[in-house]
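Enquirer: Okay, predicted coordinates and the sequence, questions at the end:
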Amino acid sequence: MGLEDRILQAIVAGLSSGSIYAVIGLMIYIVYNVTTVFDLSLGCYVMLGGMIAAVLYASGLALPLSITLAVVITVIMGAGVWLIFMRRSMETAPHLTQVLITVGIMVMITSAAQMVFGTGTKMLPHFADIAPIRISSYAVITPQAPWIWGSLVLMIVAISWLYNRSMLGKGLRAVRDQMLAARLMGIKPLNTMLFSYALAAALGAIIGSMMVPMTAVSFGISFKIVVYGLIAGIVGGITKMRGIIVAGLALGVLEQLAAGFISSNYAEAIAMSVFLVALLLRPTGLLGAKEVRAEAKI
């Protein structure tokens with residue numbers, strides 16, 4: 001096995017896991033740029049999407065229907081959680097209280113998932129019944145990787161269009177920039193916050209379903225993946241969609257390189273350390289943060 005093959009395989013695998021981190025970063029981006037709250041419960045919707053899709057498929061439903069229902073159920077749950085636990089806090093609670101509420105939501109959803117789905121892992125078959133794509137004598141692309149990459153690309157296109165081309169997206173940005181002015185223009189901030197939360201839950205359920213054939217999912221993954229997404233969001237620049245995507249992909253590649261060349265036991269610590277150093281050197285993010293408002297242009 002040559003050095004180039006090992007590096008190539010690490011990059012290919014890292015782009016798959018990095019795409020997942022990038023999507024979670026986008027979820028945080030969507031919610032933060034309307035509510036200004038770092039929601040630590042968003043990783044739960046990735047877990048729920050994967051778990052629900054796997055359970056529905058195991059019950060005998062077709063794979064496309066299982067994934068569709070998983071996304072719908074997760075969105076409904078996400079919207080319900082926001083209405084019950086977050087809506088009132090957006091009007092009255094201090095910022096720190098709002099963040100702590102999201103921690104409580106994460107613990108609650110994780111515990112409920114453990115009781116409902118059990119402690120075991122859930123799996124789905126690969127979406128395409130094809131052999132792994134060999135790109136060198138050693139490096140291969142798994143059948144599920146193109147689905148994950150494609151999902152990220154479609155999400156980038158859709159979010160960019162939403163923020164830059166649609167009236168709804170302009171309303172989301174208006175609430176983030178000037179809430180009082182948005183109210184005077186007839187925009188209801190709480191409704192836009194609810195939409196952003198539901199949209200983030202939908203993205204989480206989609207990528208959660210996409211990752212299950214490649215990485216078995218269990219109730220306990222929520223905290224790890226939301227931390228990775230949060231790191232990608234902060235290092236990339238939380239108002240910079242392009243920076244978040246770059247940071248998420250880079251985090252995945254760094255993790256795989258560390259696992260392949262040093263030790264898988266220290267891969268997470270090494271990748272996180274590199275990103276913390278990057279954050280110290282670039283406190284405003286990889287691409288800077290000249291704009292105060294959310295910017296979705298790529």
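Expert: That came in fine, so what should we check first?

Enquirer: for P283, helix, strand, or coil?
Expert: With DSSP: H, G, I helix; E, B strand; the rest coil as the basis, P283 sits in coil.

Enquirer: what bits of the stretch 51-200 of the chain have low per-residue confidence?
Expert: Within the stretch 51-200 of the chain, the segments meeting pLDDT under 70 span 180.

Enquirer: give the contact list for V175.
Expert: Contacts for V175 (CB atoms under 8 Å, 6 or more residues apart in numbering) come out as 34, 182, 187, 189, 192-193. Any C-beta I mention is one placed from the backbone N, CA and C, and that applies to glycine too.

Enquirer: Is there a quick ChimeraX command that grabs whichever of those are buried?
Expert: A single ChimeraX command selects the buried members of those (16 or more other CB atoms under 10 Å):
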select :34,182,187,189,192,193
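
Enquirer: which among the contacts of V175 gets closest to L280?
Expert: Using CB to CB, V34 is the member of the contacts of V175 that sits closest to L280, with 28.5 Å.

Enquirer: Tell me which helix or strand that closest one sits in.
Expert: Following DSSP states H and E, one finds V34 within helix 3-35.

Enquirer: Work out the gap between that helix and the centre of the chain.
Expert: The chain centre lies 9 Å from the centre of helix 3-35; the measure is CA atoms, centre = their mean, to the nearest Å.

Enquirer: in that helix, what counts as buried?
Expert: 6-35.

Enquirer: continuing past that helix, what's the next helix or strand?
Expert: helix 43-58.

Enquirer: Specify the angle between that following helix and helix 3-35 in degrees.
Expert: Put simply, helix 43-58 runs at 110 degrees to helix 3-35, going by axes from the mean of the first three to the mean of the last three CA atoms, to 10 degrees.

Enquirer: so of the contacts of V175, which ones are in helices?
Expert: Judged by DSSP state H, the contacts of V175 include 34, 182, 189, 192-193 as members of helices.

Enquirer: Between all of those residues, which two are separated the most?
Expert: Among these, A182 and M193 lie farthest apart (CB to CB), at 11.3 Å.

Enquirer: Can you show me the helices along the chain?
Expert: Counting by DSSP H, the chain has helices at residues 3-35, 43-58, 63-81, 87-92, 95-117, 145-165, 167-177, 179-184, 189-211, 222-236, 241-261, 267-281.

Enquirer: Pretty sure I238 sits against Y29.
Expert: Yes. Contact criterion CB atoms under 8 Å: I238 and Y29 qualify, at 6.4 Å.

Enquirer: Mutual contacts of those two, please.
Expert: Listed as contacting both I238 and Y29 by CB under 8 Å, 6+ apart are I244.

Enquirer: Can I get the ones in helices among the contacts of V175 in JSON lines including distance to I221?
Expert: JSON lines is the format used below for those (distance: CB to CB, whole Å):
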{"residue": "V34", "distance to I221": "26"}
{"residue": "A182", "distance to I221": "36"}
{"residue": "P189", "distance to I221": "32"}
{"residue": "T192", "distance to I221": "29"}
{"residue": "M193", "distance to I221": "26"}
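
Enquirer: Can you tell me which of those is closest to A271?
Expert: Closest to A271, out of all of the ones in helices among the contacts of V175 and judged by CB to CB, is V34, at 29.1 Å.

Enquirer: Identify the residue spatially nearest to the closest one, adjacent ones excluded.
Expert: S196 (4.3 Å; CB to CB, 6 or more residues apart in numbering).

Enquirer: I'd like the distance between that neighbour and V81.
Expert: In this view, S196 and V81 are 13 Å apart by CB to CB, to the nearest Å.

Enquirer: For the two, indicate the residue with more neighbours.
Expert: More neighbours surround S196 than the other of S196 and V81, with 23 against 20 (other CB atoms under 10 Å).

Enquirer: what's the distance between that one and L168?
Expert: 10 Å.

Enquirer: ok, now T121?
Expert: 37 Å.

Enquirer: out of these two, which sits in the busier spot?
Expert: Neighbours per residue, other CB under 10 Å: of T121 and L168, the larger number sits with T121, 17 against 14.

Enquirer: how many other residues sit next to the residue lying closest to the more buried one once chain neighbours are set aside?
Expert: For T121, ignoring the flanking residues on the chain, the nearest one in space by CB to CB, 6+ apart is A216 at 3.7 Å. Residues lying near A216 (other CB under 10 Å) number 15.

Enquirer: Thought K122 was touching A216, still the case?
Expert: Yes. Assessed by CB under 8 Å, A216 is found in contact with K122 at 6.7 Å.
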